[in-house]
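Q: heads up, no residue letters with this:
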């Protein structure tokens, strides 16, 4: 009988106020949603169900109409999404930062320098470097940094460059067990427990800032999306209440995300 | 080894605290997999019985296909069901993607070939023993097949337990069609995958131990139930 | 279960007729050119070496195997009811009672009659006290008696038996033979195969000898075993089986 209840439950839930949000694993694993969404539910009674994927997968899920709202951090991909007609306006919400992580012994000698110089040194030293390689926002950012440093990955990958096609956590696991360098978002790093000999070597460079945006999925393409409820989330997260909630989220006393609506 | 001993302690601690969120996750795992096995049993036993006695052009191909589907990776089933249930897919209007219902659908598809292939074998073995005599008693082919499943009900139970094991332990299908949504579609295996990807290996292992403990409890229950009715089997063996 | 039999002036009614009957399994001709008329009240024993075709003939008569030349006749306007016993009965992992009820259910005996017929049949074969035991826990002789009960409950016109006592020890054999005889006394027509010529002598009214798929002899029982007769086709077989003739 419980089984039948299970099968009937989506029909019952149609009455509840819920929306599906496609977001990224790094955002989810930072723990932000556990802090932010209950506050939103308390304010509006709407339950947000987060499906956490890589940025590429998250946007594809929204393209298929399986999500009502998208919350990712890859401006180029987001603007493409809107240009294709799948999304309504993009609203910047907050930023966090990336850090370059590597073994404490730092064989490539990148501690404290800027990200371009760091990548150049890692490439020339042939030091092991783990890339997510999964079409995620982090992966796209990583590729832009290599490009900005003048290294053409398409032509020749640096010795030691390995792609895992995986999320941030697994990539950190690999880096930890093989003492490799890796580009990560600070949130996942702060929550990561399997650090081994890894430490943050490069941070604070303005180029490492990672911008988040929220987009509603367009009802023109997918008439069934819950636009009204999703709009309430977008309105709330850019309001002073939402922005304050974002700023209040800390790991180990450190603020992770910096609200920047209107910038 | 530290990780393993840490996880043992963690696992015991989790059980002792009976954390509400954890209980919800365990409960959902069981509800999804038990329902999937129930549906799988209805379809799979009928299919296996039918394939054991039916004869039609392409019968051998059907059996070959069934045996091949035993190796269907759970993640492939997940993908196929996702494409079916996606809003852009043929059954999108049902709106059941990212709900436990979708997970039940995916796991049912996963266990049906297993139950069908193994029950077909049980029926064939039974037919070798007594198919003739059942026929002489007036039983049609499909009736004989079903009677033989009743006859081999202990074997059928083992098949169902195997199917349950496959369902409750899989992560590929439920991850894709459920989305591992906190509080809604997070089950034990997706929780383990999540903790692993967050690098919290002791917790991941502890949850794994917990999963095994829960399944172990279920097996104990089943053996106990059998024991009361299965005393007959023991007496038979001794006679 | 005595039937009121009208006193007939002529021969008993025919139940089954085989005319030039044959059975082929792929390349092998298991049975060929068999002519046989089975009448009500017959107690026909089939004898012959292994592989002669006794089992195939029984199965053809019962309708279990496809062949040509078989005709079944209606009895009192209704179709023939036949049951078959095998050397080792197949019993389901169920109770003694359930096995009999199952047979009644398979033959679509009306629901209201099943329990009564089952109880009577089990009493008749002396298994009434064991009705709730698992059928598989019974001894060999008890299992064959259960098979008899299973057949008896159907009130068959014909009972086919394929070496019914071959696997039983002598006392079980005697029990089963007695029950078979009682069944025949009740009016059930018997066709049975056996290696035990003593059994044939005890139970049969008629004996047929098969060799290599053909029925070579079909005689009343006393004639078949009468050594003063000129040697029949079965003589060599009999000599082999009964060295004192």
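A: Nice, I can see it. Worth saying up front: this structure is predicted, and the values here are computed from it rather than measured.
Q: now do the buried residues in the one helix or strand residue B:107 maps to.
A: If you go by DSSP states H and E, residue B:107 is part of helix B:100-136. Across helix B:100-136, burial judged by 16 or more other Cβ atoms under 10 Å in any protein chain shown covers B:100-120, B:122-124, B:126-127, B:130-136. For glycine as for every other residue, the C-beta is placed from the backbone atoms N, C-alpha and C.
Q: same check, this time on stretch B:41-57
A: For stretch B:41-57, by 16+ other Cβ under 10 Å, it's B:41, B:43-53.
Q: likewise for stretch A:37-53?
A: A:37, A:39-40, A:46-53.
Q: now the two most distant members of those.
A: Maximum pairwise distance in the buried residues of stretch A:37-53, criterion Cβ to Cβ, is 23.5 Å, between A:39 and A:53.
Q: ok, the residue lying closest to residue A:167 once chain neighbours are set aside - contacts?
A: Spatial nearest neighbour of residue A:167, chain neighbours left out: residue A:25 (4.4 Å); criterion: Cβ to Cβ, 6 or more residues apart in numbering or on different chains. Residues near residue A:25 by Cβ atoms under 8 Å, 6 or more residues apart in numbering or on different chains: A:52-54, A:136, A:167-169, B:197.
Q: sketch out the low-pLDDT regions of chain B for me.
A: B:1, B:227-239 (pLDDT under 70).
Q: residue ranges of the helices in it, please?
A: B:2-17, B:20-53, B:59-69, B:74-85, B:100-136, B:141-151, B:153-169, B:172-178, B:188-197, B:201-238 (DSSP state H).
Q: would you mind finding the longest strand in chain A?
A: strand A:87-103 (DSSP state E).
Q: return the distance of that one from the chain's centre.
A: 6 Å (Cα atoms, centre = their mean, to the nearest Å).
Q: and what of stretch B:102-121?
A: Distance, stretch centre to chain centre, for stretch B:102-121: 7 Å (Cα atoms, centre = their mean).
Q: what do you get for stretch C:170-181?
A: Worked out by Cα atoms, centre = their mean, stretch C:170-181 lies 14 Å from the chain centre.
Q: okay, buried residues for it please.
A: C:172-173, C:175-177, C:179-180.
Q: and for stretch A:242-254?
A: Residues A:242-243, A:245-246, A:249 are the ones in stretch A:242-254 that count as buried (16+ other Cβ under 10 Å).
Q: how about stretch B:22-42?
A: B:22, B:25-26, B:28-37, B:39-41.
Q: can you check stretch B:59-72 too?
A: For stretch B:59-72, burial by neighbour count (16+ other Cβ under 10 Å) applies to B:66, B:69, B:72.
Q: who are the contact partners of the last one?
A: Think residue B:72. B:110, B:113.
Q: could you measure it against residue C:175, distance?
A: Distance of residue B:72 to residue C:175, computed by Cβ to Cβ, to the nearest Å: 55 Å.
Q: go on, the first one?
A: Look at residue B:66 and residue C:175: by Cβ to Cβ, they are 47 Å apart.
Q: could you do the second one as well?
A: When Cβ to Cβ is the yardstick, residue B:69 and residue C:175 sit 52 Å from each other.
Q: who's in contact with the residue nearest to residue C:88 when sequence neighbours are not counted?
A: Nearest residue to residue C:88 in three dimensions, chain neighbours excluded: residue C:167, at 5.9 Å (Cβ to Cβ, 6+ apart). Taking Cβ under 8 Å, 6+ apart, we find residue C:167 in contact with C:87-88, C:140.
Q: now secondary structure, pLDDT and neighbour count too, for those, in JSON lines please.
A: Converted to JSON lines, the contacts of residue C:167 look like this (DSSP: H, G, I helix; E, B strand; the rest coil; pLDDT from 0 to 100; neighbours: other Cβ atoms under 10 Å in any protein chain shown):
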{"residue": "C:87", "secondary structure": "coil", "pLDDT": "94", "neighbour count": "15"}
{"residue": "C:88", "secondary structure": "coil", "pLDDT": "95", "neighbour count": "17"}
{"residue": "C:140", "secondary structure": "helix", "pLDDT": "94", "neighbour count": "16"}
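Q: for the residue positioned nearest the centre of chain C, which three-state class applies?
A: Chain C has residue C:160 as the residue nearest its centroid, 2.5 Å off, counting by Cα atoms, centre = their mean. Secondary structure, DSSP: H, G, I helix; E, B strand; the rest coil: residue C:160 is strand.
Q: model confidence score at it, please.
A: pLDDT, residue C:160: 97.
Q: show me what counts as buried in the lowest-mean-pLDDT helix or strand in chain C.
A: Among the helical and strand segments of chain C, the one scoring lowest on mean pLDDT, DSSP states H and E is helix C:235-241, with a mean of 73. Within helix C:235-241, the residues that count as buried by 16+ other Cβ under 10 Å are C:237-238.
Q: just to revisit the earlier point, so the spatially closest residue to the residue nearest to the centre of chain C that is not a sequence neighbour, which of the three states?
A: Once flanking residues are discounted, residue C:160 sits nearest to residue C:84: 4.2 Å by Cβ to Cβ, 6+ apart. Classification of residue C:84 using three-state DSSP returns strand.
Q: contacts only, for residue C:84.
A: Here residue C:84 is in contact with B:133, B:136, C:58, C:62, C:64, C:151, C:159-162 (Cβ under 8 Å, 6+ apart).
Q: and of these, the nearest to residue C:227?
A: Looking across the contacts of residue C:84 and measuring by Cβ to Cβ, the closest to residue C:227 is residue C:161, at 26.8 Å.
Q: which strand residues bridge that closest one?
A: residue C:85, residue C:192 (DSSP bridges).
Q: check contacts around it.
A: Applying Cβ under 8 Å, 6+ apart, the residues near residue C:161 are C:58, C:84-85, C:180, C:190-193.
Q: hmm, try it at 10 Å
A: By Cβ atoms under 10 Å, 6 or more residues apart in numbering or on different chains, residue C:161 lies in contact with C:45-46, C:58, C:83-87, C:144, C:147-148, C:151, C:176, C:180, C:183, C:190-194, C:203.
Q: over to residue C:45?
A: If a contact means Cβ under 10 Å, 6+ apart, then residue C:45 has C:54, C:161, C:190-194, C:196-197, C:199-209, C:221, C:224 as its contacts.
Q: so it, which of the three states?
A: strand.
Q: what does the one 5 residues further on give?
A: Put simply, residue C:50 is coil when judged by three-state DSSP.
Q: quick one, grab the pLDDT at it.
A: pLDDT, residue C:50: 87.
Q: please apply the same query to residue C:244.
A: 50.
Q: and what of residue C:150?
A: 96.
Q: what helix or strand is residue 120 on?
A: Here I'm looking at chain A. Using DSSP H and E, the element containing residue A:120 is helix A:115-125.
Q: my bad, chain C
A: Using DSSP H and E, residue C:120 falls in helix C:111-124.
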